[in-house]
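K.L.:
Here is my input; please provide its structure:
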Amino acid sequence: MLSKRIIPCLDVRNGILTKGVKFENNVDIGDPVETAKLYYEQGADEIVFYDITASSEGRGIFLDVVERVASEIFIPFSVGGGINSVEDMRAVLLAGAEKVSVNSGAVKNPDIISEGAAAFGSQCIVLGMDVKRVPVTEQIPSGFEIVINGGRKFMGIDALEWAKTCEALGAGEICLNSIDADGTKDGYDLELTKLISESVQVPVIASGGAGHPQHMVDAVTKGRASAALIASIVHYGEYTIPDLKEYMTSKGVRMRSSW
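P.N.:
Below you'll find the model as predicted:
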């Protein structure tokens, strides 16, 4: 088994760390810079930062916050939200990110993936997928539909086909978020995670629903994910990164060594 990663996710709104449930009722909970530094010091493998309202508000990402986070952590750092062009990607990378995550922008213009991969390499390009369960139809045969603009707009795109398409375009990684599970702490959507993980060759990060360390074990074993994205489980102090790594190791999951 390849080493698995634990990746804390910082959802940021107006420069403040926030968290919701199923993309709704967000509550502001702290300073993203201090929180990122804490998770880095605890041994997180990577950090993901999302400016969660940039796309829906039609604006660019808050680069000053990205720069402040990047100055405090020395692990891979992925940034998403409002990235709609190679120029946007370049600005985020120059602000200190190692990877850029494209979600709504890629749905509107898939060429941004191939253009970004050509400019910076596929290892820099993460496809963010916000997915919701829907009835199986001819248009959505997997029963999972792509939703953009922070869960606000259904796109009529089948999640499985979209993952394959974007892998072919040059995405080097997929961050797969279940809107139905997001913030519930009831566990990841393992059916969705396994479906995508077994259908692409690039690493898949499971996202949405972690409330107990066993959920993370399930994501990387039953769900076949390469990494587990976490938020509520650590934001509210229930577990630390070392707690989670120790538990997963005890269950036979090979973890990356702390930095």
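
K.L.:
Just give me the neighbour total for the closest residue to residue 36 other than its chain neighbours.
P.N.:
Excluding the flanking residues, the one nearest residue 36 by CB to CB, 6 or more residues apart in numbering is residue 69, at 4.7 Å. For the C-beta atoms, the positions are set from N, CA and C on the backbone; glycine is no exception. Around residue 69 there are 25 other residues, counting by other CB atoms under 10 Å.

K.L.:
Can you read off the pLDDT for residue 69?
P.N.:
pLDDT, residue 69: 93.

K.L.:
And what about residue 101, helix, strand or coil?
P.N.:
Here residue 101 is strand, with the state taken from DSSP: H, G, I helix; E, B strand; the rest coil.

K.L.:
I'd like the distance between it and residue 52.
P.N.:
12 Å (CB to CB, to the nearest Å).

K.L.:
Comparing these two, which shows the higher neighbour count?
P.N.:
residue 101 (27 against 23).

K.L.:
Okay, and the beta partners of that one?
P.N.:
residue 80, residue 126 (DSSP bridges).

K.L.:
For it, give me its contacts.
P.N.:
Contacts for residue 101 were tallied using CB atoms under 8 Å, 6 or more residues apart in numbering; they are 48, 50, 78-81, 83, 126-128, 175.

K.L.:
Next: residue 247.
P.N.:
Contacts of residue 247 by CB under 8 Å, 6+ apart are 213-214, 216-217.

K.L.:
So which of those are in helices?
P.N.:
The helices, defined by DSSP state H, take in 213-214, 216-217 from the contacts of residue 247.

K.L.:
Strands along the protein, start to end?
P.N.:
Using DSSP state E, the strands of the chain run over 5-13, 16-21, 24-30, 47-51, 77-80, 99-102, 125-133, 144-148, 153-158, 173-178, 204-207, 227-230.

K.L.:
Of those, which stretch is the most buried?
P.N.:
Neighbour counts (mean count of other CB atoms under 10 Å) averaged over each of those peak at strand 204-207, with a mean of 30.

K.L.:
Now do the helices for the stretch 51-200 of the chain: every range, in order, please.
P.N.:
63-70, 86-94, 104-108, 111-120, 159-169, 190-197 (DSSP state H, counting those that start in this stretch).

K.L.:
how far out from the middle of the chain is the last one?
P.N.:
The gap between the average C-alpha position of helix 190-197 and the chain average comes to 15 Å, counting by CA atoms, centre = their mean, to the nearest Å.

K.L.:
And for the second one?
P.N.:
Averaging C-alpha positions (CA atoms, centre = their mean) puts helix 86-94 18 Å from its chain's average.
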